[in-house]
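S.K.: need coordinates for the below:
(chains A, B, C and D)
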4 protein chains.
Amino acid sequence: MPVHLLIVYDDFGRNMTPLAQAIEEGASGVTGTTVQRRLVQDSTADDMLAADAVILGSPNFSGISGRLKSWLDSDPMEVLWEGQPMRGKVGAAFVAGRSRNAGQEFTLLALLHVLWGYGMLVVGVPWSDLMLASSSYYGAAASRQLQEEDLAQARLLGERVARVAQRLYGAGEARL
Amino acid sequence: MPVHLLIVYDDFGRNMTPLAQAIEEGASGVTGTTVQRRLVQDSTADDMLAADAVILGSPNFSGISGRLKSWLDSDPMEVLWEGQPMRGKVGAAFVAGRSRNAGQEFTLLALLHVLWGYGMLVVGVPWSDLMLASSSYYGAAASRQLQEEDLAQARLLGERVARVAQRLYGAGEARL
Amino acid sequence: MPVHLLIVYDDFGRNMTPLAQAIEEGASGVTGTTVQRRLVQDSTADDMLAADAVILGSPNFSGISGRLKSWLDSDPMEVLWEGQPMRGKVGAAFVAGRSRNAGQEFTLLALLHVLWGYGMLVVGVPWSDLMLASSSYYGAAASRQLQEEDLAQARLLGERVARVAQRLYGAGEARL
Amino acid sequence: MPVHLLIVYDDFGRNMTPLAQAIEEGASGVTGTTVQRRLVQDSTADDMLAADAVILGSPNFSGISGRLKSWLDSDPMEVLWEGQPMRGKVGAAFVAGRSRNAGQEFTLLALLHVLWGYGMLVVGVPWSDLMLASSSYYGAAASRQLQEEDLAQARLLGERVARVAQRLYGAGEARL
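M.R.: Down below sits the predicted model:
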């Protein structure tokens, strides 16, 4: 039984889509995983309900972008709170910004905060030497010029989320 | 020369307006302070530019509400980044939520993050025994049932922001 | 093959131990789980290495207590960074403080930050009506007077971490 | 009447002292400011009490270093809570780490959290193009190789804290 992973993001700026594609690539490489990549304006509560894992992406707007946050707060999304249907799903986050140390971490934390509110299990990227050049253990990140290391971390994040979701739900087990 | 304090907030729920009114009351009691209290849908970039101090309020939506964040991110507000016209102004934050320890602090931090992004100076509420029942040193807060201690902390926050703004800019000094 | 869960905490104040005991109780109820509850001064890197899941607890000292943080930063614990032996283990956090909205959330985030740094998978408590009276989706929490709801959330956190660890590693699977 | 600024920091790693020196340099350039730069192991509660402004610095240890946090939590420092003698003083923070987007922001937030707990007024660095290469609006930061932009931001932070402290307390005014 395939595990389904959803990537939802606000594509403001030039780095969000390449990061999302790298996450998709990483997740797609895990056998038994289907991946859907969606811009926030094309995403629905049903997409969220259908997924076993969700990776949220926001550009750094001193936190989550108003566009993404308004979607998360919108009326059709309220169903994700009632009865906690997202509970136990796997979640992760990614971010892109212009600057260094000026909100990327905070935006990732803000995205993870939303996933926790849903009762999801949060996955990041373990420390490696890639982190000397690129992203956070909170998720994938890019600053200004996209670097090869940023894409490598994004692929790793996608792969890792897919592996965790497989392990938890690949045999059709009940939600945790 | 009077110092001008702006309170901008999203009034979702029943506790945001009472908190905002208490902040207004506290600030108005400081001689030489004019206070404007505005719902976010009625606020403009010009209101922000005209203020010496700004207190932002959001209901706890696992962070800043989409309505307030979208306003902060909107095109007319971009002028607040260019040339950093908010630099050196005094800022603070308030929040109301249903639960305890489930996002109030994080929402306050998210609001303060925006104020820092503008280059503002951030003011909170010093520790006192009121904090055993009510709000954070990050700002004013209410959970579920509004308590008298919540209003007391909100008045104190308003008064404190007004006093700091007076000391910094009451004689018409240049922005820091 | 039993899954092993470690609870490590700084027992400053009167509420940390009751919370830790409730977490232990919740985890112990999950078949096939062994639970070890340890004060930080009695804990070693080997305890961490032997565990499939770790729940860290700190009193609210405007963040993690110096006692717990110094242990985490101490030389014998460096082995937890090299080679990332904690990677893929399950983690969670708990906190107790005197006040409301004055650092409990932040202390939980600070503890989770350490777990992420280790590459662990982070588990919280899903939203429920218990949260109107008690703790955060980030973990278990108590403010001042310990409430029955705080203990219920702590038991739930322990149970949930044990269930996730069972699902991931109960059959002796490789670390994720 | 001179304003007195204290820099207290944990000098782990090679970048903390250069950042602290740059902050000292920036602050010393503001007429009427005396600056004291101290390693945490040589600092006392009396140093804190004597200062009008305090800039705390920590290496990124997935948050504040245990060494600095243990000092902040130590018995002799408790006097800083009782009666809130630090209330209204000016505060800021700096950090150095090896990686990018992997705890620098969080460590700055953790330091600011402590300053807020004391009731201090928090100052950061306004946005500028320097931030494309270097540090956060939360404070000064360096990642791995120290860059000239990091030192420029650190000098700016020192200067800004000194200017705010001068404006607030340079004529011997009462604490806010």
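S.K.: flag the helix or strand of chain A with the lowest per-element mean pLDDT.
M.R.: None of the helices or strands of chain A scores lower by mean pLDDT, DSSP states H and E than strand A:140-143, at a mean of 90.
S.K.: is there any residue in the longest helix seen in chain A that contacts chain D?
M.R.: Ordering each helix of chain A by length in residues (DSSP state H) puts helix A:148-169 first. No: applying Cβ under 8 Å from any Cβ of the partner chain, one finds helix A:148-169 out of contact with chain D, separated by at least 9.2 Å. The way it works is simple: take the backbone N, C-alpha and C, and place the C-beta from them, glycine included.
S.K.: just want the angle from that helix to helix C:148-169.
M.R.: Going by axes from the mean of the first three to the mean of the last three Cα atoms, to 10 degrees, helix A:148-169 is angled at 100 degrees with respect to helix C:148-169.
S.K.: and helix A:148-169, what other elements does it pack with?
M.R.: Packing contacts for helix A:148-169, counted by 3 or more Cβ pairs under 8 Å, 6 or more residues apart in numbering or on different chains; DSSP states H and E, involve strand A:3-9, helix A:16-28, strand A:33-39, strand A:53-59, strand A:90-97, strand A:140-143, helix C:148-169.
S.K.: follow-up on the earlier one: ok, and what's touching the least confident helix or strand of chain A?
M.R.: With contacts defined as Cβ atoms under 8 Å, 6 or more residues apart in numbering or on different chains, strand A:140-143 is touched by A:15, A:18-19, A:22-23, A:93-100, A:104-105, A:108, A:125, A:134-135, A:150, A:153-154, A:157, D:100-101.
S.K.: are any of those residues buried, and which?
M.R.: Buried members of the contacts of strand A:140-143, counted by 16 or more other Cβ atoms under 10 Å in any protein chain shown: A:15, A:19, A:22-23, A:93-100, A:104-105, A:108, A:125, A:134-135, A:150, A:153-154, A:157, D:100-101.
S.K.: how close does the residue most central in space within chain A get to residue A:35?
M.R.: Geometric centre of chain A, nearest residue: residue A:55, 1.9 Å, by Cα atoms, centre = their mean. Look at residue A:55 and residue A:35: by Cβ to Cβ, to the nearest Å, they are 9 Å apart.
S.K.: which neighbours do these two share?
M.R.: Joint contacts of residue A:55 and residue A:35 (Cβ under 8 Å, 6+ apart) are A:5, A:6, A:7, A:158.
S.K.: which two in these are spaced the farthest apart?
M.R.: Largest separation among the shared contacts of residue A:55 and residue A:35 by Cβ to Cβ: A:6 and A:158, giving 11.6 Å.
S.K.: between these two, which is the more surrounded one?
M.R.: Remark: of residue A:6 and residue A:158, residue A:158 carries more neighbours, 31 against 22, as counted by other Cβ atoms under 10 Å in any protein chain shown.
S.K.: I'd say the more buried one and residue A:21 touch.
M.R.: No: using Cβ atoms under 8 Å, residue A:158 is not in contact with residue A:21, being 9.6 Å away.
S.K.: what does chain A put close to chain B?
M.R.: A:61-67, A:69-74, A:102-103, A:106, A:109-110, A:113-114, A:116-117.
S.K.: what subset of the residues you listed is buried?
M.R.: Buried among the residues of chain A next to chain B (16+ other Cβ under 10 Å): A:61-67, A:69-73, A:102-103, A:106, A:109-110, A:113-114, A:116-117.
S.K.: tell me how many other residues surround residue A:107.
M.R.: Neighbour number of residue A:107 under other Cβ under 10 Å is 30.
S.K.: any stretches of chain A with poor pLDDT?
M.R.: Filtered on pLDDT under 70, chain A yields the residue ranges A:100-101.
S.K.: quick one: the residue of chain A found nearest chain D and residue D:85, what's the gap?
M.R.: At 3.8 Å from chain D, residue A:105 is the closest residue in chain A, using Cβ to the nearest Cβ. Taking Cβ to Cβ as the measure, residue A:105 falls 32 Å from residue D:85.
S.K.: please apply the same query to residue A:97.
M.R.: Applying Cβ to Cβ, the value for residue A:97 to residue D:85 is 39 Å.
S.K.: same question for residue A:36.
M.R.: Using Cβ to Cβ, residue A:36 is found at 57 Å from residue D:85.
S.K.: likewise for residue A:166?
M.R.: 56 Å.
S.K.: looking at these two, which one has more neighbours?
M.R.: Remark: of residue A:166 and residue D:85, residue A:166 carries more neighbours, 21 against 16, as counted by other Cβ under 10 Å.
S.K.: you'd agree that one is up against residue A:34?
M.R.: No: between residue A:166 and residue A:34 there is no contact under Cβ under 8 Å: 11.5 Å.
S.K.: now for the two: what residues contact both?
M.R.: Common neighbours of residue A:166 and residue A:34, using Cβ under 8 Å, 6+ apart, are residue A:3.
S.K.: quick check: residues of chain A near chain D?
M.R.: Contact residues, chain A versus chain D (Cβ under 8 Å from any Cβ): A:98-106, A:108-109, A:127, A:131-138, A:141, A:143-144.
S.K.: go with 7 Å
M.R.: Within chain A, the positions adjacent to chain D are A:98-102, A:104-106, A:131-137, A:141, A:144 by Cβ under 7 Å from any Cβ of the partner chain.
S.K.: so which of the residues you listed are in strands?
M.R.: Residues of these located in strands (DSSP state E): residue A:141.
S.K.: taking the residues of chain A next to chain D one by one, which sit in helices?
M.R.: A:104, A:105, A:106.
S.K.: give me the contact list for stretch A:62-80.
M.R.: Contacting residues not belonging to stretch A:62-80 are listed as A:10, A:12, A:40, A:44-45, A:48, A:58-59, A:86, A:103, A:106-107, A:110-111, A:114, A:118, B:61, B:63-67, B:69-70, B:72-73, B:110, B:113-114, B:117 [Cβ atoms under 7 Å, 6 or more residues apart in numbering or on different chains].
S.K.: just the C-alpha atoms of it, please, in PDB.
M.R.: C-alpha atoms of stretch A:62-80 as PDB (Å, rounded to 0.1, in the frame of the first residue of the first chain):
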ATOM      1  CA  SER A  62       9.700  37.400   9.000                       C
ATOM      2  CA  GLY A  63       7.700  34.200   9.600                       C
ATOM      3  CA  ILE A  64       5.200  32.300   7.400                       C
ATOM      4  CA  SER A  65       4.000  34.300   4.400                       C
ATOM      5  CA  GLY A  66       0.500  35.800   4.800                       C
ATOM      6  CA  ARG A  67      -0.600  33.900   1.700                       C
ATOM      7  CA  LEU A  68       0.300  30.500   3.200                       C
ATOM      8  CA  LYS A  69      -0.900  31.400   6.700                       C
ATOM      9  CA  SER A  70      -4.300  32.700   5.400                       C
ATOM     10  CA  TRP A  71      -4.800  29.400   3.600                       C
ATOM     11  CA  LEU A  72      -4.000  27.500   6.700                       C
ATOM     12  CA  ASP A  73      -6.400  29.600   8.700                       C
ATOM     13  CA  SER A  74      -9.200  29.600   6.100                       C
ATOM     14  CA  ASP A  75     -12.600  28.200   6.800                       C
ATOM     15  CA  PRO A  76     -12.300  25.100   4.600                       C
ATOM     16  CA  MET A  77      -9.200  24.100   6.600                       C
ATOM     17  CA  GLU A  78     -11.000  24.100   9.900                       C
ATOM     18  CA  VAL A  79     -11.900  20.500   9.400                       C
ATOM     19  CA  LEU A  80      -8.200  19.700  10.000                       C
END
